[in-house]
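>>> Predicted model, plus sequence, below.
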Amino acid sequence: MTLTLYNTLTRRKEPFTPIDPKNVRMYVCGPTVYDYAHIGNARPIIVFDVLFRLLRHLYGKTHVTYVRNITDVDDKINARAAREGVPIADVTERTIRQFHEDIAALGVLEPTIEPRATQHISQMIEMIRALIEKGHAYEADGHVLFNVPSMPDYGQLSNRSRDEMIAGARVEVAAYKKDPADFVLWKPSTGNEPGWESPWGFGRPGWHIECSAMSGEYLGKVFDIHGGGIDLQFPHHENEIAQSRCAHGTDVMANVWMHNGFLQVEGEKMSKSLGNFITIHELLKDWPGEVLKFNMLRTHYRQPIDWTLKGLTESHTVLRRLYERAGTKGEPGTDVFEALCDDLNTPAAIASLHQASTAEMLAGGLSLLGFSGNPASLEKTTDETDAASI
């Protein structure tokens with residue numbers, strides 16, 4: 001069965017052909033650990049878990065390498081630690097611990113490798129050094145910046161005009177930049193800010209270089225799939241491509257780029273100011289993790305999703321009915337495979353579960369999607385839930 005995936009880079013669905021079928025390689029941007037992960041953060045975790053499971057089924061469990069990083073050096077982390085008056089490590093360690101607990105409750109597999117940015121500073125420094133040597137980066141006023149005009153085809157992923165890219169990147173306007181679109185690879189650290197010694201002084205990496213260095217370390221100069229939320233397409237993923245291609249001298253960074261759509265809550269954009277900013281941790285107090293996952297997968301990953309109390313209630317009811325019909329184990333039907341191999345069409349896969357001819361086939365389909373099939377796992381922790389809690 002042929003797997004087809006929508007490639008953001010080419011803007012079309014394409015048959016997936018791995019570089020090496022014995023080592024299919026995928027990188028997904030993970031959390032910046034300064035606060036509880038919100039339900040929007042859960043979407044790529046859930047979506048790419050389904051892809052990870054499908055790839056393992058197609059190519060073998062030992063033939064897929066899934067890297068999902070942790071960003072544990074960032075100005076948001078610094079601000080949180082300063083606000084609380086605690087060491088930065090206190091913020092990152094407790095947040096990582098809570099993140100792991102929350103996503104485990106969703107029933108997702110652990111990635112093959114989960115690198116932390118702070119453990120790969122030397123790789124970042126070497127990549128920055130290479131970019132300078134090749135004329136793609138320069139030092140200015142204690143910073144090192146990527147020289148965007150040095151890459152003529154910069155912007156292919158997001159397909160934006162130069163003016164749109166400058167506005168959308170929200171890059172700092174600074175006199176030391178050669179071009180307004182140039183972005184930071186390394187910046188100086190002072191006071192209580194975290195920092196490391198480098199050829200350009202004591203400082204810390206920019207956000208984008210972290211993922212380029214970590215993906216290159218574990219997956220090589222060119223790998224199969226890079227995933228993340230649509231909000232990361234620009235500037236983060238665009239800048240990753242620029243750094244990696246220019247440092248390694250390659251035509252691509254990853255062959256396939258995949259992005260999940262936005263999430264809103266009860267028809268509105270999720271934000272703290274609207275009072276509808278919901279964390280996974282909060283939702284798990286009222287809803288089983290498998291219900292949260294099922295509710296997410298009822299919408300195709302590339303489409304926007306409206307997270308509602310009505311939807312959660314329906315998902316809970318539907319999943320319970322499926323579990324009551326399912327056997328203990330079995331192999332999924334071909335229609336479930338066909339749906340997932342069609343650009344991870346999870347709504348069609350779920351529809352196929354309803355048509356499963358045997359309890360064993362239903363159990364196999366649920367298992368492929370990462371569901372336990374155990375009705376006891378669907379018990380709600382509380383009876384009273386309102387829209388404010390979703």
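Nice, I can see it.
>>> Each with direction, which strands does the secondary structure element (helix or strand) that Ile225 belongs to pair with?
Taking DSSP states H and E as the definition, Ile225 sits inside strand 223-229. Strand partners for strand 223-229, identified by DSSP bridges, are recorded as strand 24-28 (parallel), strand 254-260 (parallel).
>>> Now render those strands as JSON lines, adding mean pLDDT and distance to Thr92.
For glycine as for every other residue, the C-beta is placed from the backbone atoms N, C-alpha and C. Shown next, in JSON lines, are those (pLDDT from 0 to 100; distance: least, C-beta to C-beta, whole Å):
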{"stretch": "strand 24-28", "mean pLDDT": "99", "distance to Thr92": "19"}
{"stretch": "strand 254-260", "mean pLDDT": "99", "distance to Thr92": "25"}
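>>> right, and the ones you listed - which one's nearest Pro347?
Nearest to Pro347, of all these, is strand 254-260, at 13.8 Å by C-beta to C-beta.
>>> Could you pull out the buried residues of that closest one?
254-260 (16 or more other C-beta atoms under 10 Å).
>>> Most widely separated two among those residues?
Farthest pair in the buried residues of strand 254-260 (C-beta to C-beta) is Asn255 and Asn260. Separation: 18.4 Å.
>>> Tell me how many other residues crowd His38.
Other residues near His38 come to 20 when the count uses other C-beta atoms under 10 Å.
>>> correct me, but it touches His281?
No - with contact defined as C-beta atoms under 8 Å, His38 does not reach His281; the gap is 9.3 Å.
>>> would you turn the buried residues of strand 254-260 into CSV with distance to Ser377?
Formatted as CSV, the buried residues of strand 254-260 follow (distance: C-beta to C-beta, whole Å):
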residue, distance to Ser377
Ala254, 35
Asn255, 37
Val256, 33
Trp257, 34
Met258, 29
His259, 30
Asn260, 25
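>>> Report the contact partners of the closest residue to Ala351 other than its chain neighbours.
Closest residue in space to Ala351, ignoring its immediate chain neighbours: Ala339 at 7.7 Å, by C-beta to C-beta, 6 or more residues apart in numbering. By C-beta atoms under 8 Å, 6 or more residues apart in numbering, the contact set of Ala339 is 345-346, 348-349, 351-352.
>>> Show me which of these is closest to Gly311.
Checking those one by one against Gly311 (C-beta to C-beta), the nearest turns out to be Thr346, at 14.3 Å.
>>> what's the spacing between the closest residue to that closest one other than its chain neighbours and Arg129?
What sits nearest to Thr346 in space, not counting adjacent residues and going by C-beta to C-beta, 6+ apart, is Leu297, at 4.1 Å. Computed as C-beta to C-beta, to the nearest Å, the Leu297 to Arg129 distance reads 43 Å.
>>> Show me where the stretch 251-390 of the chain has its strands.
With DSSP state E, counting those that start in this stretch as the criterion, the stretch 251-390 of the chain has strands at 254-260, 263-265, 268-269, 305-307.
>>> want to try a markdown table for these, with distance to Phe146 as columns?
Converted to a markdown table, the strands of the stretch 251-390 of the chain look like this (distance: least, C-beta to C-beta, whole Å):
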| stretch | distance to Phe146 |
| --- | --- |
| strand 254-260 | 18 |
| strand 263-265 | 30 |
| strand 268-269 | 31 |
| strand 305-307 | 34 |
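>>> quick one, which of those strands is nearest to Pro194?
Pro194 lies closest, by C-beta to C-beta, to one member of the strands of the stretch 251-390 of the chain: strand 254-260, at 28.7 Å.
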